[in-house]
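*Asks:* pasting the sequence and the predicted coordinates here, then a few questions.
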Amino acid sequence: MNILITGGAGFIGSHVVRLFVENYPHYNIYNLDALTYAGNLENLKDIEGRPNYTFIKADICNETEINNLFNRFRFHKVIHLAAESHVDRSIKDPLAFVITNVIGTINLLNAFKDLYKGNFENKLFYHVSTDEVYGSLGTTGLFTEATSYDPNSPYSASKASSDHFVRAYGETYKMPYVITNCSNNYGQNQFPEKLIPLFINNIINNQPLPVYGDGNYTRDWLYVLDHARAIDLVFHKGKKGETYNIGGFNEWKNIDLVKLLCKQMDAKLNRIIGTSEKLITFVKDRPGHDLRYAIDASKIQNELGWEPSVTFEEGLDKTIDWYLDNEDWLNNVTNGNYKLYYQQYIN
């Protein structure tokens, strides 16, 4: 079986690629990534020599290139993770998110559709999305698979659009698909524009910890390795045409999360407890900031037997340890030296 994983050099994608390469040696895993700022082949150094792994540098926005790749490798199944994903960047450049998240997804759907021309037996298009498509919750309630879409940022609007196109291709062309909408991921190898790795790096370097507004925005946090396990389950056992919400059953207000992170970092860096908390700096809120996200993951739990393997405190502890043990990776990413690895790998 030839499986295409898009965005496989990114944060979540690299963990999914590694899991599939290691657990399914009889699958041929093709990792397609454009190697933009958030894609890092150093994330996969440990498996790059495996016989069932192939890296392809390509851009899903290039229709001709994508069509040629599908015709050449005849991918039987697709796990589509490639996306622009940072809300702040989407506010500054919405069109980039439309091009990658919407047009790029349509290019993949068309290539898949045209290759098999309606004969989709034992085929699958798996689209990985976000809980942000549902908009913002009040102080109570949870997002379910039946929650109406109500995106509030250019990022979430672009992901909502791509979700709709996947479903539309399923209905119009009878293309077998599944969609998962996940909550905020954290863990090893995350690019330090996102909250947890950014703050770990800033604490190490005694830099300010910028917290939006009053810090009471609430998110449901999911350990990335648990997300990869969930993707594995949905890929193999999920029902075609269904959506599964993946969450950590793990809500935290931003300010409480940051204070916990500060406490754990102080302990690991042998600093007086409370030292890092002094770095917290409240900054002007961003436009369209959703108050609260929270996932009801009971469907995937009840139907497929998935549940998180760690508490947030345990996952955060593992995450901090990884960054502290891999400061060279963190330094390379923050100063851009990781791009040199691309050249060595490709050339």
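*Replies:* Yep, that arrived. Numbers count the residues shown, from 1 in each chain.
*Asks:* please make it C-alpha for all contacts and neighbour counts, starting now.
*Replies:* Will do.
*Asks:* now Val283. Nearest residue, chain neighbours left out?
*Replies:* With C-alpha to C-alpha, 6 or more residues apart in numbering as the criterion, Val283 has its nearest non-adjacent residue at 5.2 Å, and that residue is Tyr212.
*Asks:* now do the helices in the stretch 151-300 of the chain.
*Replies:* With helices called from DSSP state H, counting those that start in this stretch, the stretch 151-300 of the chain shows them at 154-173, 195-204, 224-237, 254-268, 298-304.
*Asks:* can you show me the CA trace of the last one as CSV?
*Replies:* Just to be clear, that refers to helix 298-304. Extracted in CSV, the C-alpha atoms of helix 298-304 (Å, rounded to 0.1, in the frame of the first residue of the first chain):
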residue,chain,number,x,y,z
SER,A,298,-16.6,10.7,23.4
LYS,A,299,-17.3,9.4,19.9
ILE,A,300,-13.7,8.3,19.1
GLN,A,301,-13.4,7.0,22.7
ASN,A,302,-16.6,4.9,22.5
GLU,A,303,-16.4,3.7,18.9
LEU,A,304,-12.6,3.2,18.5
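*Asks:* what is the following helix or strand past that helix packed up against?
*Replies:* Next helix or strand after helix 298-304 toward the C-terminus (DSSP states H and E): helix 312-325. Under the contact criterion of 3 or more C-alpha pairs under 8 Å, 6 or more residues apart in numbering; DSSP states H and E, helix 312-325 touches helix 195-204, strand 218-223, helix 254-268.
*Asks:* so which of the ones you listed gets nearest Gly8?
*Replies:* strand 218-223 (17.3 Å; C-alpha to C-alpha).
*Asks:* how about residues contacting that closest one?
*Replies:* 182-187, 247-254, 291-295, 308, 310, 312, 315 (C-alpha atoms under 8 Å, 6 or more residues apart in numbering).
*Asks:* if we use 7 Å, what do you get?
*Replies:* 183-187, 247-254, 291-295, 315 (C-alpha atoms under 7 Å, 6 or more residues apart in numbering).
*Asks:* I'd say Ala228 and Gly13 touch.
*Replies:* No. Using C-alpha atoms under 7 Å as the test, Ala228 is too far from Gly13 to be in contact (8.3 Å).
*Asks:* same drill for those two, tell me which one is more crowded.
*Replies:* Gly13 (25 against 20; other C-alpha atoms under 10 Å).
*Asks:* that one in helix, strand or coil?
*Replies:* helix (DSSP: H, G, I helix; E, B strand; the rest coil).
*Asks:* what does the one 3 residues further on give?
*Replies:* Reducing the assignment to helix, strand or coil with three-state DSSP, the entry for Val16 is helix.
*Asks:* please tell me how far it sits from Leu4.
*Replies:* 11 Å (C-alpha to C-alpha, to the nearest Å).
*Asks:* and Gln343, what pLDDT?
*Replies:* pLDDT recorded at Gln343 is 49.
*Asks:* what sits against the residue of the chain most remote from its centre?
*Replies:* Using C-alpha atoms, centre = their mean, the residue of the chain lying farthest from its centre is Ile272. It sits 34.2 Å away. Ile272 makes contact with Asp266, according to C-alpha under 7 Å, 6+ apart.
*Asks:* show me the contacts for Glu251.
*Replies:* Residues near Glu251 by C-alpha under 7 Å, 6+ apart: 218-221, 294.
*Asks:* so which of these is the closest to Ile60?
*Replies:* Taking C-alpha to C-alpha as the measure, Ile60 sits nearest to Trp221 out of those, at 28.2 Å.
*Asks:* burial of the closest one, as a residue count?
*Replies:* Trp221, neighbours per other C-alpha under 10 Å, totals 23.
*Asks:* could you do Asn206 as well?
*Replies:* 14.
*Asks:* now do Lys77
*Replies:* Lys77: 21 neighbours (other C-alpha under 10 Å).
*Asks:* you'd agree Val78 is in a strand?
*Replies:* Yes. When three-state DSSP is applied, Val78 is found to be in a strand.
*Asks:* isn't it up against Lys123?
*Replies:* No. In terms of C-alpha under 7 Å, Val78 does not count as a neighbour of Lys123; the distance is 8.4 Å.
*Asks:* contacting residues around Ser158?
*Replies:* 97-98, 101-102.
*Asks:* same deal with Ile179?
*Replies:* 126-129, 242-244.
*Asks:* for PyMOL, what selects the buried ones among the residues you listed?
*Replies:* Entered in PyMOL, the line below selects the buried ones among the contacts of Ile179, by 16 or more other C-alpha atoms under 10 Å:
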select buried, resi 126+127+128+129+243+244
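*Asks:* please identify the most buried of the helices and strands packed on helix 312-325.
*Replies:* Greatest average neighbour count among the helices and strands packed on helix 312-325 goes to strand 218-223 (a mean of 23), per mean count of other C-alpha atoms under 10 Å.
*Asks:* just want the angle from it to helix 312-325.
*Replies:* 60 degrees (axes from the mean of the first three to the mean of the last three C-alpha atoms, to 10 degrees).
*Asks:* buried stuff in stretch 237-246?
*Replies:* Residues 238, 240-241, 243-246 are the ones in stretch 237-246 that count as buried (16+ other C-alpha under 10 Å).
*Asks:* could you list which residues are in contact with Thr243?
*Replies:* 145, 178-180.
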